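Visitor: Predicted model and sequence follow; I will ask about them next.
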Amino acid sequence: MESLNLNVRVDANDKKRFEQFCSNVGMNVSTAINMFIKAVLREQKLPFEIRANNFDETVYEKLKSAEEEMENNPKRYSKEDILESINNIID
């Protein structure tokens, strides 16, 4: 099997930290990258989830909605009720 070089640009600090990680687990960077490539090809997907970070926007919208509901509802909410609702929104 022919081997070729693969050149990628990475942040210098990330490279240093990745090299240290690889060393700590007993491999070099080339082995780690080859393991990544083999996993992608075998599974036909990236070995981790990629998603947008819209947590802040979602939480803000839910909190705003909860605030409006509380303002329009004659029921009195205890501190515990409010904290439980906030925890449910964040989770």
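Guide: Received, thanks. Residues are numbered from 1 along each chain as shown.

Visitor: Following the chain onward from the longest helix seen in the chain, which element is next?
Guide: For the chain, the helix with the greatest residue count under DSSP state H is helix 55-71. Counting by DSSP states H and E, the next helix or strand C-terminal to helix 55-71 is helix 79-90.

Visitor: pLDDT averaged over that next one - what is it?
Guide: Regarding helix 79-90, the rounded mean pLDDT is 77.

Visitor: I'd like to check the angle between it and helix 55-71, please.
Guide: 140 degrees (axes from the mean of the first three to the mean of the last three CA atoms, to 10 degrees).

Visitor: Give me the buried positions along helix 79-90.
Guide: Ser85 (16 or more other CB atoms under 10 Å). C-beta: built from backbone N, CA, C; applies to glycine.

Visitor: one step back: and the longest helix of the chain, average pLDDT?
Guide: Here the average pLDDT along helix 55-71 is 77.

Visitor: How about it, which residues are buried there?
Guide: Ala66.

Visitor: centre of the chain versus it, how much separation?
Guide: Computed by CA atoms, centre = their mean, to the nearest Å, the chain-centroid distance of helix 55-71 equals 23 Å.

Visitor: One more: stretch 83-91?
Guide: Counting by CA atoms, centre = their mean, stretch 83-91 comes out at 20 Å from the chain centroid.

Visitor: With just CA atoms, put that stretch into CSV.
Guide: Written as CSV, here are the backbone C-alpha positions of stretch 83-91 (Å, rounded to 0.1, in the frame of the first residue of the first chain):
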residue,chain,number,x,y,z
LEU,A,83,-36.0,27.2,40.1
GLU,A,84,-37.5,23.9,39.0
SER,A,85,-38.8,25.5,35.8
ILE,A,86,-35.4,27.1,35.1
ASN,A,87,-33.6,23.8,35.6
ASN,A,88,-36.1,22.1,33.2
ILE,A,89,-35.4,24.7,30.6
ILE,A,90,-31.6,24.4,30.9
ASP,A,91,-31.5,20.6,30.9
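
Visitor: Can you give the domain ranges for this protein?
Guide: In the domain annotation for the chain, the residue ranges read 12-43, 55-90 (automatic domain parsing).

Visitor: Can I get those in JSON lines including distance to Leu6?
Guide: Below are the domains of the chain laid out as JSON lines (distance: least, CB to CB, whole Å):
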{"stretch": "domain 12-43", "distance to Leu6": "7"}
{"stretch": "domain 55-90", "distance to Leu6": "34"}
